[in-house]
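Asks: any chance you can model this:
(2 chains)
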Amino acid sequence: MAEASLAGSKNDTSNVTRKSPVSDTASGAGGVLWQRLAPWALPIAILILWEIASRSGLVTARLIPAPTSVAAAFWRLLLDGSLLYHTLASTQRAVIGLLIGGGVGFVLGVVNGLWRPAETFLDSTIQMVRNVPHLALIPLVILWFGIGETAKIFLVSVGVFFPIYMNTFYGVRTIDPQVVEMAEVYGLNRRAMILRIILPGALPSILVGLRYALGFMWLTLIVAETISATNGIGYMTMNAREFLQTDVVLLGIIVYALLGKVADLATRAIERRVLSWHPAYQGQEKGTP
Amino acid sequence: MTLALKSSHTAQRLETRQSAPPVNGLPLSLSNVEKRFGALSVLEKFSLDVPAGRFLAVVGRSGGGKSTLMRLIAGLDKPTSGTVAIGGETVEGLNPDVRLLFQEARLVPWQRVGENVGIARGPDWQETARATLRDVGLEGRENDWPSVLSGGQKQRVALARALVSQPRILLLDEPFGALDALTRIEMHRLLETLWTARGFTTVLITHDVAEAVALADRVVVLREGAVALDIDIDLDRPRRELADPRAVDLQRRILEAV
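Replies: Here you go, the predicted model:
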């Protein structure tokens, strides 16, 4: 899993740096500009067609509002402060849930990865619970915690726990045993072994877990907020549905997409920083023989 | 005696560019060592004495007990019976005076070259690592990642890591087997220089007879867990002449015994 993700990132960077010979011969700076703009051409064309279709009455504006109406809704909600208020409410839940669920998942992953008795005792239970879709817990969670903050944070925690746990455990277990033996021969104590060998070695896998967890985090939050909430983006969109404000519903979806993208960019930045030792993150540098 | 004089002379000549003063090696002694894995007997009543500061090569086919012998000396395994003694003391587990170079460099990929050399984080490890890297010909590379190094450079880092703590016995488990021929010759010269300057007792395990004759004072051929040939290599050092007829003759005799 880790390998696949690292290979993916490598391809991404090489796409940015590698220039196609066709554009180079075409027209210098203009070619580069076109390359920059090309990925945006299709989305912009779709937006323009959508706008035209909506204004000319080809589609019902009440079901699919024009992009300009969504932009207007964005501006309106930004000015009255409600957009920021709901976004912050959602983000706060997301972060608290991630810290709790991710923290527990990380600690259990490390402990079970390092210590066989803990794995024997805990892992089969965790694997059993993992196969229950955590959103199926919603009725139970509402009975336990009501519809307050605790219920939503609990659900997010459960959602992010498993990807972080699984990948941390996997990362700790798949460390090169030859490197571990070398470290033992060179007299590293248990603490140094964990801090300098095992955790850094498990990090690529842990970060893959984090990226999966972020996906689960937003997913859980959307569902939890649309079912029971008094604020947050999910509440905002469900409330807008009641009043047939389709533009606000679409805006809510776009905000979720943007939050997800921001979280993913943040993880990628962390990866580039802490995995700078990994060949996949080292640009064109090569050793001299 | 003449050999000893020659070595100390070379050591003095080299001392100016070596960071560390020469260290006296420790003698190594195996008596009646037996090692069995279940019903399989890998070493049988095996005895061997290596005086302090000597360079011994152990040659043999795969599965002939070479690596087992190495692990017993390093304290990674215990003999089924018999004793392994270093400097007169029976080996009980890992010994900081003994360092082992593996077949693979086994560098930690997420630690920089200098951090790999100073893996045990002894006192002044950064300064010592820098100096030892200079000794193995990698001056100024301490901030590189291991992934940018070539195979030979990685083994140089591994050698620096082994030497940084001034070991008195150095064990080499086919460390140059995966290198190309030219890099291997470079590594032989480097190892000979370092050994001459520092004087650690060295045990090299190899299946390359030419390598054994190029480096060692004495070659032991291990066959089916027992010594098949024990021969002194009395050639001048530094050994730069590749086609020395005496070396060729020694290689032939060793090959016949393997």
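
Asks: the strands in chain A, which residues?
Replies: Here chain A has no strands by DSSP state E.

Asks: repeat that for the stretch 151-258 of chain B.
Replies: With strands called from DSSP state E, counting those that start in this stretch, the stretch 151-258 of chain B shows them at B:169-173, B:201-206, B:218-223, B:226-232.

Asks: which strands or helices does the shortest one pack on?
Replies: Identification of packing neighbours for strand B:169-173 by 3 or more Cβ pairs under 8 Å, 6 or more residues apart in numbering or on different chains; DSSP states H and E yields helix B:66-74, strand B:98-101, strand B:201-206. In short, each C-beta sits where N, CA and C put it, glycine included.

Asks: hmm, which helix or strand of chain B has the shakiest average pLDDT?
Replies: In chain B, no helix or strand scores lower on mean pLDDT, DSSP states H and E than helix B:2-15, which sits at a mean of 42.

Asks: check contacts around residue A:153.
Replies: For residue A:153, the contacting residues are A:93, A:96, A:97, A:100, by Cβ atoms under 8 Å, 6 or more residues apart in numbering or on different chains.

Asks: where is the longest helix in chain B?
Replies: When chain B is parsed with DSSP state H, its longest helix is helix B:181-198.

Asks: ramachandran angles for residue B:86?
Replies: Main-chain torsions, residue B:86, degrees, to the nearest 10: phi -120, psi 120.

Asks: how many neighbours does it have?
Replies: Residue B:86 is flanked by 20 other residues according to other Cβ atoms under 10 Å in any protein chain shown.

Asks: so it makes contact with residue B:94?
Replies: No - assessed by Cβ atoms under 8 Å, residue B:86 is found out of contact with residue B:94, at 11.3 Å.

Asks: now do the helices in chain A.
Replies: Under DSSP H, chain A gives helices at A:2-17, A:21-55, A:67-79, A:82-114, A:116-130, A:138-145, A:149-173, A:177-185, A:190-192, A:199-227, A:233-242, A:246-274.

Asks: want to try TSV for those helices, with distance to residue B:62 and mean pLDDT as columns?
Replies: TSV is the format used below for the helices of chain A (distance: least, Cβ to Cβ, whole Å; pLDDT from 0 to 100):
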stretch	distance to residue B:62	mean pLDDT
helix A:2-17	31	40
helix A:21-55	50	78
helix A:67-79	71	92
helix A:82-114	34	95
helix A:116-130	32	90
helix A:138-145	61	89
helix A:149-173	30	94
helix A:177-185	18	90
helix A:190-192	34	91
helix A:199-227	30	91
helix A:233-242	65	90
helix A:246-274	40	90
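
Asks: residue B:250 is nearest to which of these?
Replies: Closest approach to residue B:250 among these (Cβ to Cβ): helix A:177-185, 32.5 Å.

Asks: quick one: buried residues of the closest one?
Replies: A:179, A:180, A:182, A:183, A:185 (16 or more other Cβ atoms under 10 Å in any protein chain shown).

Asks: which other residues reach it?
Replies: A:192-193, A:196-198, A:201, B:74, B:76, B:94, B:100, B:102, B:104, B:106, B:108, B:119.

Asks: helix or strand right after the least confident helix or strand of chain B?
Replies: As assigned by DSSP states H and E, the chain's next helix or strand after helix B:2-15 is strand B:28-37.

Asks: what's the angle between that next one and helix B:66-74?
Replies: Interaxial angle, strand B:28-37 versus helix B:66-74 (axes from the mean of the first three to the mean of the last three Cα atoms, to 10 degrees): 120 degrees.

Asks: tell me which residues of strand B:28-37 are tucked away?
Replies: B:28, B:29, B:30, B:33, B:35.

Asks: closest one of those to residue A:41?
Replies: Among the buried residues of strand B:28-37, and counting by Cβ to Cβ, the member closest to residue A:41 is residue B:35, at 71.1 Å.

Asks: give me the neighbour count for residue B:230.
Replies: By other Cβ under 10 Å, 12 other residues sit near residue B:230.

Asks: ugh, wrong one, residue A:263
Replies: Number of residues near residue A:263 (other Cβ under 10 Å) recorded here: 21.

Asks: quick revisit: for the buried residues of strand B:28-37, which one is nearest chain A?
Replies: Checking the buried residues of strand B:28-37 against chain A with Cβ to the nearest Cβ, the nearest one is residue B:28 at 17.2 Å.

Asks: spatially nearest residue to that closest one (excluding sequence neighbours)?
Replies: residue B:50 (4.2 Å; Cβ to Cβ, 6 or more residues apart in numbering or on different chains).

Asks: still on that earlier bit, residue B:208 is nearest to which of the helices of chain A?
Replies: That would be helix A:177-185 among the helices of chain A, by Cβ to Cβ, at 21.9 Å.

Asks: picking up where we left off before, and which of the buried residues of helix A:177-185 is nearest to residue A:55?
Replies: Taking Cβ to Cβ as the measure, residue A:55 sits nearest to residue A:179 out of the buried residues of helix A:177-185, at 63.8 Å.

Asks: residue B:167 against residue B:201, yeah?
Replies: No - in this structure, residue B:167 is not within contact of residue B:201 by Cβ under 8 Å, at 9.2 Å.

Asks: out of the two, which sits in the busier spot?
Replies: residue B:201 (26 against 22).

Asks: ok, now how distant is the residue nearest to the more buried one when sequence neighbours are not counted from residue B:170?
Replies: The spatial neighbour of residue B:201 that comes closest, neighbours along the chain excluded (Cβ to Cβ, 6+ apart), is residue B:25 at 3.4 Å. Between residue B:25 and residue B:170 the computed distance is 9 Å (Cβ to Cβ, to the nearest Å).

Asks: between the two, what contacts are shared?
Replies: Joint contacts of residue B:25 and residue B:170 (Cβ under 8 Å, 6+ apart) are B:200, B:201, B:202.

Asks: the first one against residue B:168, yeah?
Replies: So the one you mean is residue B:200. Yes - contact criterion Cβ under 8 Å: residue B:200 and residue B:168 qualify, at 5.6 Å.
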